[in-house]
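**Q** no sequence on this one, just coordinates:
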């Protein structure tokens, strides 16, 4: 299992914030319907899955805004992989449940 | 209000995963104790605050790993600002509560 | 010395690519005139300077698009710091001059 | 044509800076030998190619450090695509040759 954090940013044309959100929402919907585990954050969506399926998802998601009217898209992805496997749950359990020192 | 997403990555020396997590946890603790609103994610921590205080926080957080033994740190920050103000709640409410189409 | 890589992305309103470039160029001009050492890349601009001056620059640059008409800006920054100092020249010399094996 | 900017960060175990550079260099060598156009920067390497070949490259490059001893790797990728095509040359020509105003 590998974790990837995806932020899709449709740049042109974005006449209004509603238009921007509509295109980003289309990308998030695609992730929601992908079958992969996901967590929606304020700045990006984090997904978890096998290496091939995560890359397949990124390849698709980046292009969703073009399907709903965008002409220019920048996507920022951060991929986190551990040789022995890594899950969103592992990382959240570690960082969230720990008592702050 | 501005939103910033912060991922601190201590690179050297990181002999073990425990050592890596210890340094990242020190950075997250600093955010928790900052007084700013925050959301811990699997890949980063998102904070919300006034422009100056968010930058002051980023400046401090990036350097926390050096205080606990690191010699090389890369920090990735994404800043999201809207002229009329933006909160984590605004964005999460929008993206999470929407019915997927 | 610390290195930071800055990509300013004006999101709304961006009616055309010309408008997008105009806003990004204003941000790059600000960096060019800052006095800090910089390298312009296809996806971002890398700067080098003392910690305080690099942060001061990032704080200013992120807001330049608002001054030329933008209402929403996302900036992605990667900060690379080594306890004993790090320059763009150090990193480029290392990665570029090495013979590929 | 699409542009992607790739920064591979081997996290564990990285006992020394030499070890870190050795793993990053292995990733950069892979890009150099890929046949795709590339530009090495201080913070990342930018590549240009067809969508499928760029993704194939990212999938391979992220895993190179594992082959040379790493157990944990975070890779940050920024993909920039324009409906009508985009090259490194286009962007550099625009941003570099312009007279600063």
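**A** Okay, I see it. In this text, all values refer to a predicted model and were calculated from it rather than measured experimentally.
**Q** do the lowest-mean-pLDDT helix or strand in chain A and chain D meet at all?
**A** Each helix and strand of chain A was given a mean pLDDT (mean pLDDT, DSSP states H and E); the minimum falls on helix A:88-97 at a mean of 85. No. No part of helix A:88-97 sits close enough to chain D to count as contact by CB under 8 Å from any CB of the partner chain; the gap is at least 11.6 Å. Quick note: C-beta positions are derived from backbone N, CA and C, even for glycine.
**Q** other SSEs contacting that helix?
**A** Contact analysis of helix A:88-97 by 3 or more CB pairs under 8 Å, 6 or more residues apart in numbering or on different chains; DSSP states H and E lists strand A:37-40, helix B:17-32, strand B:37-40 as its packing neighbours.
**Q** can you point out the buried residues in stretch A:71-86?
**A** Of the residues in stretch A:71-86, those buried by neighbour count under the rule 16 or more other CB atoms under 10 Å in any protein chain shown are A:71-82, A:86.
**Q** among these, which are within reach of chain D?
**A** By CB under 8 Å from any CB, the members of those lying near chain D are A:71, A:72, A:73, A:74, A:75, A:76, A:77, A:78, A:79, A:80, A:81, A:82.
**Q** mind putting those residues into CSV with secondary structure and distance to residue C:14?
**A** Listed next are these as CSV, based on DSSP: H, G, I helix; E, B strand; the rest coil; distance: CB to CB, whole Å:
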residue, secondary structure, distance to residue C:14
A:71, coil, 10
A:72, strand, 8
A:73, strand, 12
A:74, strand, 12
A:75, strand, 16
A:76, strand, 17
A:77, strand, 22
A:78, strand, 24
A:79, strand, 28
A:80, strand, 31
A:81, strand, 34
A:82, strand, 38
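**Q** chain C contacts on chain A?
**A** Residues of chain A that fall close to chain C, judged by CB under 8 Å from any CB: A:9-17, A:19-20, A:71-72, A:74, A:76.
**Q** closest to residue A:91 out of those residues?
**A** Taking CB to CB as the measure, residue A:76 is the one of those closest to residue A:91, at 18.6 Å.
**Q** enumerate every residue touching the closest one.
**A** Contact partners of residue A:76, counting by CB atoms under 8 Å, 6 or more residues apart in numbering or on different chains, are A:6, A:7, A:9, A:44, B:78, C:76, D:76, D:77, D:78.
**Q** for it, name its beta-bridge partners.
**A** Each beta-bridge partner of residue A:76 is listed here: residue A:7, residue D:78, as defined by DSSP bridges.
**Q** if I look at it, how far off is residue D:45?
**A** Residue A:76 sits 16 Å away from residue D:45 when distances are taken as CB to CB, to the nearest Å.
**Q** just the buried residues of the residues of chain A next to chain C.
**A** Among these, those classed as buried by neighbour count (16+ other CB under 10 Å) are A:9-14, A:17, A:19-20, A:71-72, A:74, A:76.
**Q** so what's residue A:64 up against?
**A** A:8, A:23, A:26, A:27, A:30.
**Q** which of those lies closest to chain D?
**A** Each of the contacts of residue A:64 was checked against chain D using CB to the nearest CB; the closest is residue A:8, at 9.4 Å.
**Q** could you check how far that closest one is from chain B?
**A** Applying CB to the nearest CB, to the nearest Å, one obtains 12 Å for the distance of residue A:8 from chain B.
**Q** I figured that residue hits residue A:61, correct?
**A** Yes. Using CB atoms under 8 Å, residue A:8 and residue A:61 qualify as a contacting pair, with a distance of 6.1 Å.
**Q** up against chain D, what does chain A have?
**A** Contact residues of chain A with respect to chain D, defined by CB under 8 Å from any CB, are listed as A:51, A:55, A:58-59, A:62-63, A:66, A:70-84.
**Q** confidence-wise, which of the buried ones among the residues of chain A next to chain C comes last?
**A** In terms of pLDDT, residue A:14 ranks lowest among these, with 80.
**Q** quick check on it: phi, psi?
**A** According to degrees, to the nearest 10, the main-chain angles of residue A:14 amount to phi -130, psi 90.
**Q** OK, contacts around it?
**A** With contacts taken as CB under 8 Å, 6+ apart, residue A:14 has the following neighbours: A:20, A:23, A:70, C:11, C:12, C:13, C:14.
**Q** kindly recompute the last result at 6 Å.
**A** Under the criterion of CB atoms under 6 Å, 6 or more residues apart in numbering or on different chains, the contact list for residue A:14 reads A:20, C:11, C:12, C:14.
**Q** and these, which is closest to chain D?
**A** Taking CB to the nearest CB as the measure, residue C:14 is the one of the contacts of residue A:14 closest to chain D, at 12.7 Å.
**Q** quick one on the thing from earlier: possible to save the ones next to chain D among the buried residues of stretch A:71-86 as a markdown table with distance to residue B:35?
**A** Conversion of those to a markdown table gives the following (distance: CB to CB, whole Å):
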| residue | distance to residue B:35 |
| --- | --- |
| A:71 | 42 |
| A:72 | 38 |
| A:73 | 36 |
| A:74 | 32 |
| A:75 | 33 |
| A:76 | 28 |
| A:77 | 31 |
| A:78 | 27 |
| A:79 | 32 |
| A:80 | 28 |
| A:81 | 34 |
| A:82 | 33 |
